[in-house]
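Novice: Sequence plus predicted model, see below.
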Amino acid sequence: MDGNGRWAASRGLSVAEGHREGARALRRTVEAAIDLDVRSLAVYAFSTENWARPPDEVESILDLLEETIERELPDLAHQGVRTRFFGRRDRIPQALREKMATLEAETAPNDRLHLWIAFDYGGRAELVEAARSLVEDGIRPEDVSEETLAARLSAPKLPDPDLVIRTSGEQRLSNFLLWQSAYAEFVFAETYWPDFGEDELRAALEEYTRRGRRFGAR
Ligand code: IPE
Ligand code: MG
């Protein structure tokens, strides 16, 4: 979900306003995904590197996540959305941690759309953690496999993405789902994230259907 800052700057608004509009775009996009029969949607909300931003911006993002959990995600739960968070939880405020856990528990029976929110997430960090966990558990070298490693990722049940969409015209992965994206298709949209919605999601899905996937085979 990239481009909140540039969206705000182009309108003479604060970066916090950009993130606020980004949260609205998330709600809109999740509802569009339900309508388009998407079953699983993972979004990158805050990276392990985003802590390097100015403290007031970081605070605005943390506040916004809390507000989103309280105001937007319960409505989505009524539409059958199951929400799960992945990434580190030891660097965020306790109250936020509790709200995340409550929402996850309350939406656990939902099955229409699985929403995964990456927060304080980094692809390299999760691979390091997975390696640490293999060593801590005394797994023998011959038992290390793609399956045993994948089972120790931040969200082991997160399906590998078929399609990764990056907004705002940037063409890079920025530490998102490094392991899981091995065979993902990529679509780069020029749209700043706050302007993203049903039309853009539909266009990305249509682009995806035109791709031929071989997974390395003939
Ligand atoms: C979004 O947009 C997302 C987060 C990292 C929270 P940016 O804040 O990166 O927007 P730009 O790249 O400055 O436009
Ligand atoms: Mg950015």
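Specialist: Received it, and whenever you're ready, just let me know what you need. Given the structure is predicted, the values throughout are model-derived calculations rather than measurements. Ligands and ions are numbered 1, 2, ... in the order given.
Novice: Just the mean pLDDT for the helix or strand encompassing residue 135, thanks.
Specialist: For residue 135, the host element (DSSP states H and E) is helix 123-136. The average pLDDT within helix 123-136 is 98.
Novice: which of the residues in that helix are buried?
Specialist: Neighbour-count burial for helix 123-136 flags 123, 125, 126, 127, 130, 134 (criterion: 16 or more other Cβ atoms under 10 Å). No exception for glycine: its C-beta is placed from N, CA and C like everyone else's.
Novice: State the distance from the second one to residue 137.
Specialist: So the one you mean is residue 125. Going from residue 125 to residue 137 by Cβ to Cβ, to the nearest Å gives 19 Å.
Novice: now swap in residue 93 and tell me
Specialist: For residue 93 relative to residue 137 (Cβ to Cβ), the value is 30 Å.
Novice: and the residue in the chain that ligand 1 sits nearest to, which of the three is it?
Specialist: Using Cβ to the nearest ligand atom, the single residue of the chain nearest to ligand 1 is residue 5, 2.4 Å away. Assigned by DSSP: H, G, I helix; E, B strand; the rest coil, the conformation of residue 5 is helix.
Novice: My understanding was that it contacts residue 18; is that so?
Specialist: Yes: using Cβ atoms under 8 Å, residue 5 is in contact with residue 18, at 5.5 Å.
Novice: Comparing those two, which shows the higher neighbour count?
Specialist: Set residue 5 next to residue 18 and count neighbours by other Cβ atoms under 10 Å: residue 18 wins out with 23 against 19.
Novice: mind listing what that one touches?
Specialist: By Cβ atoms under 8 Å, 6 or more residues apart in numbering, the residues touching residue 18 are 4, 5, 6, 7, 8, 9, 194.
Novice: Export the residues you listed as TSV, with columns for pLDDT.
Specialist: Output for the contacts of residue 18, formatted as TSV (pLDDT from 0 to 100):
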residue	pLDDT
4	98
5	98
6	98
7	98
8	98
9	98
194	98
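Novice: any idea how far stretch 101-112 is from the chain center?
Specialist: Remark: stretch 101-112 is offset 17 Å from the chain centroid, using Cα atoms, centre = their mean, to the nearest Å.
Novice: Which residues of this protein lie near ligand 1?
Specialist: Selection of the chain residues close to ligand 1 by Cβ under 6 Å from any ligand atom yields 1, 2, 3, 4, 5, 6, 46, 50, 61, 168, 193.
Novice: which stretches of the chain have low pLDDT?
Specialist: Counting by pLDDT under 70, the chain contains no low-confidence range.
Novice: Taking the centroid of it, which residue is nearest it?
Specialist: The chain has residue 43 as the residue nearest its centroid, 2.2 Å off, counting by Cα atoms, centre = their mean.
Novice: how about that residue, secondary structure?
Specialist: Secondary structure assignment for residue 43 (three-state DSSP): strand.
Novice: in this protein, which spans are helices?
Specialist: 4-10, 15-35, 55-71, 73-78, 94-107, 123-136, 146-150, 198-209 (DSSP state H).
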